[in-house]
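>>> using only what follows, build the 3D model:
(chains A and B)
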Amino acid sequence: MRNKTLSFVAIFCGLLLWGCYPDGPANTEDLDVVITHHNPDYNFVAKGTYAMPDKIVKITGNLQEGDAPVYIPDVTATQILARIDNNMLALGWQKVALNANPKPDLLLTPASWETTTVYYYYDYWYWWYGGYYPYWGYYPPVSYSSYTTGTLLMTLIDPLDVGANGIPIREWTGAINGILTGSYAAGRVNPLIDQAFEQSSYLKTN
Amino acid sequence: MKKVLYILLFAVIASSALAQESMMSWQYSMGFGTGDLHDFIKPASFRGVTFNYNKFIKPGVAVGFEIGWNTFYEQKDYATYTSGNFDYSGKQWRYSNQVPLLFNAGYYMSPDEQLTPFVGFGIGTIFSERRTDMSQYIFTLDAWHFALKPELGVLYNTDGASLSLSSKYYYGFKTGDLPAEGFFTINVGLVIKR
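Next up, the predicted model:
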């Protein structure tokens, strides 16, 4: 009897402990992340000008198979590009046209993409016993959910610094990533863009 | 960590069939990380449980086994972390699960008195899982440490059962991708004697 009681106590305490297992993030913004990478051998200080397109390409489809490039809406792109320009200016960079003379030292190429993850669960044994009880229906009940993440990628390349494969080396890459919540929220995106440059002090020039 | 719970439950239920002149104890355990574990997660753990089974082989001397589970957790504020040429900014959620599986030996002074001080020593392994969640990314390291555990405690004996208060120090030696990890625990529990 005593052992049985102890077992019940053990089960109760175990379930209590399990229930106390710590939770993770509570808000969508908690999942925002900024990642930057740089080429430590590149001397940013010796450079001073950059060029940037006035659109942000959306990475989707396949350009190599002839798909036309897709861009994010201008009203959104304008705000993002202005924020990037402000940060570059603050670091001492001068923006010039792509066909300027002399040519820009660096090219800044922004891009974005979205990824939707769907996760679902159903009783996978249903194939075996589901048909045996016709009133349950042929297919198992499925529960599912999904979320979409958005990423803004900013890449600095030097057209004259080419790798062994003939492709320009990425001297700096900044990526901001988070869960999308519908409309564009400048108050959420701008600090993330700022953070990408703030944690990249080696970009400072002049 | 479901498997940990299953192991704990199995250990308790299986021990019901075990022998005489023995003690089973179920303890609530508070953990305090030291060294590298403390560097990884600073707050103390108030999520811990330990099960012990000990059998007396001669008066005052018992041997047995122990299985436990301590979860350390910390939510880190927004910060920037550097790894090589990468810099990451965001919030982090850090978890460390420590599951000791040890053989124990203990010496119980004045076992017939109402208060029974005891010392113990354990040797075995600690399964350790260290996890960092950042954004949607999860970084996990796990390892089985070779482990030692000294213990100091006291039993308050009543008819048939005792209350226990003890302090233990678990030390898992460096192995695999994980450094050496150690933590103190303070444990309160119920002891059933047979």
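
>>> quick one: low-confidence ranges for the chain?
All of this is about chain A. A:1-20, A:122-141, A:206 (pLDDT under 70).

>>> nope, chain B
B:1-20.

>>> can you map out the strands along it?
B:22-34, B:47-58, B:61-83, B:86-108, B:115-134, B:137-157, B:161-172, B:181-193 (DSSP state E).

>>> any part of the second one near chain A?
Yes: using CB under 8 Å from any CB of the partner chain, strand B:47-58 reaches chain A at B:47-49, B:51. All C-beta spots, glycine's among them, are computed from the backbone N, C-alpha and C.

>>> next one: whatever helix or strand A:E171 lives in to chain centre, how far?
Assigned by DSSP states H and E, A:E171 belongs to strand A:168-179. Chain-centre distance of strand A:168-179: 9 Å, with CA atoms, centre = their mean, to the nearest Å.

>>> please name every helix or strand in contact with it.
strand A:33-38, strand A:142-162, helix A:186-198 (3 or more CB pairs under 8 Å, 6 or more residues apart in numbering or on different chains; DSSP states H and E).

>>> am I right that A:V45 falls within a helix?
Yes: assessed with DSSP: H, G, I helix; E, B strand; the rest coil, A:V45 lies in a helix.

>>> helices and strands around the helix or strand containing A:A111, which ones?
Taking DSSP H and E as the criterion, A:A111 maps to strand A:106-122. In terms of contacts (3+ CB pairs under 8 Å, 6+ apart), strand A:106-122 is packed against strand A:49-51, strand A:57-58, helix A:74-90, strand A:142-162.

>>> and chain B, is the last one touching that?
Think strand A:142-162. Yes: looking at strand A:142-162 against chain B by CB under 8 Å from any CB, the contacts come from A:T149.

>>> what parts of chain B come near chain A?
Checking chain B against chain A by CB under 8 Å from any CB, the hits are B:1, B:5, B:8-9, B:12-13, B:16, B:24, B:26, B:28, B:47-49, B:51, B:69, B:71, B:73, B:80, B:85-91, B:93, B:95, B:133-137, B:160, B:190, B:192.

>>> filter these to the buried ones?
B:5, B:8-9, B:12, B:24, B:26, B:28, B:47-49, B:51, B:69, B:71, B:73, B:87-91, B:93, B:95, B:133-135, B:192 (16 or more other CB atoms under 10 Å in any protein chain shown).

>>> look up how far B:W144 lies from the closest residue to B:A180 other than its chain neighbours.
Closest residue to B:A180 apart from its sequence neighbours, by CB to CB, 6 or more residues apart in numbering or on different chains: B:K174 at 4.5 Å. Distance check for B:K174 against B:W144: by CB to CB, to the nearest Å, it reads 12 Å.

>>> what's the local residue count around the residue nearest to B:A180?
The criterion is other CB atoms under 10 Å in any protein chain shown. On that basis, B:K174 has 13 neighbouring residues.

>>> ok, now B:L148?
Going by other CB under 10 Å, the residues that sit close to B:L148 add up to 17.

>>> and the gap between the closest residue to it other than its chain neighbours and A:S145?
Nearest residue to B:L148, sequence neighbours excluded (CB to CB, 6+ apart): B:Y171, at 5.3 Å. Distance, B:Y171 to A:S145, using CB to CB: 42 Å.

>>> who's more crowded, these two?
Between B:Y171 and A:S145, counted using other CB under 10 Å, the more crowded position is B:Y171 (17 against 9).

>>> give the contact list for the more buried one.
B:Y171 makes contact with B:147-149, B:180-182 under the criterion CB atoms under 8 Å, 6 or more residues apart in numbering or on different chains.

>>> farthest from the middle of chain B: give me that residue.
B:N85 (37.2 Å; CA atoms, centre = their mean).

>>> buried stuff in stretch B:38-47?
B:38, B:40-41, B:44-45, B:47.

>>> let me fix that: stretch B:71-78
Going by neighbour count (16+ other CB under 10 Å), the buried part of stretch B:71-78 is B:71-75.

>>> how about those in JSON lines, adding distance to A:T117?
Formatted as JSON lines, the buried residues of stretch B:71-78 follow (distance: CB to CB, whole Å):
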{"residue": "B:T71", "distance to A:T117": "27"}
{"residue": "B:F72", "distance to A:T117": "29"}
{"residue": "B:Y73", "distance to A:T117": "25"}
{"residue": "B:E74", "distance to A:T117": "27"}
{"residue": "B:Q75", "distance to A:T117": "23"}
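
>>> closest to chain A among the residues you listed?
For those, the residue nearest chain A by CB to the nearest CB is B:Y73; the value is 4.0 Å.

>>> hmm, back to that, so how do I select the buried members of the contacts of B:Y171 in PyMOL?
A single PyMOL command selects the buried members of the contacts of B:Y171 (16+ other CB under 10 Å):
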select buried, chain B and resi 147+148+149+181+182
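
>>> ok, which pair from the contacts of B:Y171 is furthest apart?
B:K149 and B:A180 (13.8 Å; CB to CB).

>>> what are the pairing partners of the strand holding A:A111, and which direction each?
The strands beside strand A:106-122 in its sheet (DSSP bridges) come out as strand A:49-51 (parallel), strand A:57-58 (parallel), strand A:142-162 (antiparallel).
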